[in-house]
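Student: I need the structure of the sequence given here:
(chains A and B)
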Amino acid sequence: GAVVSQHPSRVICKSGTSVKIECRSLDFQATTMFWYRQFPKQSLMLMATSNEGSKATYEQGVEKDKFLINHASLTLSTLTVTSAHPEDSSFYICSATLRTAVFPSTDMQYFGPGTRLTVL
Amino acid sequence: QQQVKQSPQSLIVQKGGISIINCAYENTAFDYFPWYQQFPGKGPALLIAIRPDVSEKKEGRFTISFNKSAKQFSLHIMDSQPGDSATYFCAASRANAGKSTFGDGTTLTVKP
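Tutor: Residues are numbered from 1 along each chain as shown, chains lettered A, B, ... in the order given. Sure, this is the predicted structure:
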C-alpha cells in the first residue's frame, strides 16, 4: 500500500512553454502533498505544501506564479511550470502524507518516482 | 539554518560490513525521525522510522539508534550488500505536522 505515482516520468520541452506534472496517491487519500525539487547529488528542496481545497503554501524564494500548484482532490495534486526556462530543468518529486490510524498517529510521507524536466 | 546535519557525505563499505550514517537535529519539537533510501533517477522510499519514545528500532538488517539527550540518531545497515548502494537521507519532523526537514544525504557504495 501507500503508492504515489507521478506523470510524466520524463518531459522535454522548449523554452517558454508550460509543463504540467501530476501527482496521485493511488491507494490512500492524502490531505497534504508536498512538491520538491532535487538537483544532482543534492538533497530535496521543498518548494511548496499543497492542501486539498486550499491554496498552496510556497517556501521562501519559490515563485508562486511560475510554479502553479493545484490540489483538486484528496488523491491528485498538479504542478505546472509556466514559461519554462533552461534553469528550471531539474528532478521534481512529490510526496503524499498518510496519517497512521494507530496511536500515536504519525504523518508518514510517501514519495512519487519523480519527474525529470529538461527545458531546451 | 540547517536543522538536520547528516554525516558522512559519502561512505564506502565492503560487502558484509556495517554501514553507519549519523544525523543530528536542533529543533527539540521534532518527534518523528524517518530514513529514506533513494536510487538514482528514482524518488526516495521510506526505509525505517522512529519516534523518540524508544531508543532503538530494528527492521531486518536496518536499525535506527536514537539518543534524545544528544539530539542524534543513526542508521545502521548490517551485512551491507551491493544492492544497498544508494543515497540515504535522514529527516525530522513533528509527527502530526507532515513537513520534514531533510539531511543533505549520504551516498553509500557497497563493494562486492
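Student: where are the low-confidence patches of chain A?
Tutor: A:103 (pLDDT under 70).
Student: The longest strand along it and chain B, any residue contact?
Tutor: The longest strand of chain A (DSSP state E) is strand A:90-99. Yes: interface with chain B: strand A:90-99 contributes A:91, A:93, A:95, A:97, A:99 (CB under 8 Å from any CB of the partner chain). Yep, even glycine has a C-beta here, placed from its N, CA and C like the rest.
Student: nearest residue to residue A:22 other than its sequence neighbours?
Tutor: residue A:7 (4.7 Å; CB to CB, 6 or more residues apart in numbering or on different chains).
Student: swap that for residue B:93, please
Tutor: In space, and not counting its chain neighbours, residue B:93 is closest to residue B:100: 4.2 Å by CB to CB, 6+ apart.
Student: List the contacts of that neighbour.
Tutor: Residues in contact with residue B:100 (CB atoms under 8 Å, 6 or more residues apart in numbering or on different chains) are A:109, B:34, B:91, B:92, B:93.
Student: which two in these are spaced the farthest apart?
Tutor: Maximum pairwise distance in the contacts of residue B:100, criterion CB to CB, is 12.0 Å, between A:109 and B:92.
Student: Show me what counts as buried in stretch B:51-68.
Tutor: B:52, B:57, B:62, B:63, B:64, B:65, B:66 (16 or more other CB atoms under 10 Å in any protein chain shown).
Student: can you tell me which helix or strand the spatially closest residue to residue B:70 that is not a sequence neighbour belongs to?
Tutor: Nearest residue to residue B:70 in three dimensions, chain neighbours excluded: residue B:24, at 7.7 Å (CB to CB, 6+ apart). Residue B:24 belongs to strand B:19-25 when assigned by DSSP states H and E.
Student: Now the helix or strand just after that strand - C-alpha only, PDB.
Tutor: Once strand B:19-25 ends, the next helix or strand along the chain (criterion: DSSP H and E) is strand B:33-38. Below are the C-alpha coordinates for strand B:33-38, written out as PDB (Å, rounded to 0.1, in the frame of the first residue of the first chain):
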ATOM      1  CA  PHE B  33      12.700  10.600  12.500                       C
ATOM      2  CA  PRO B  34      12.500   8.700   9.200                       C
ATOM      3  CA  TRP B  35      15.200   7.400   6.900                       C
ATOM      4  CA  TYR B  36      14.700   7.300   3.200                       C
ATOM      5  CA  GLN B  37      16.600   5.400   0.500                       C
ATOM      6  CA  GLN B  38      17.000   6.800  -2.900                       C
END
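Student: Show me how far strand B:33-38 is from its chain's centre.
Tutor: With CA atoms, centre = their mean, to the nearest Å as the basis, strand B:33-38 stands 5 Å off its chain's centre.
Student: Give me the helices and strands touching that strand, please.
Tutor: strand A:107-111, strand B:19-25, strand B:45-50, strand B:62-67, strand B:86-92 (3 or more CB pairs under 8 Å, 6 or more residues apart in numbering or on different chains; DSSP states H and E).
Student: Would you mind saying which of those lies nearest residue B:10?
Tutor: Distance to residue B:10, taken as CB to CB, is lowest for strand B:86-92 among the helices and strands packed on strand B:33-38, at 9.3 Å.
Student: Neighbouring strands - and their directions - for the closest one?
Tutor: Using DSSP bridges, the strands paired with strand B:86-92 are strand B:33-38 (antiparallel), strand B:101-102 (antiparallel), strand B:106-111 (antiparallel).
Student: mean confidence for the second one?
Tutor: Average pLDDT, strand B:101-102: 93.
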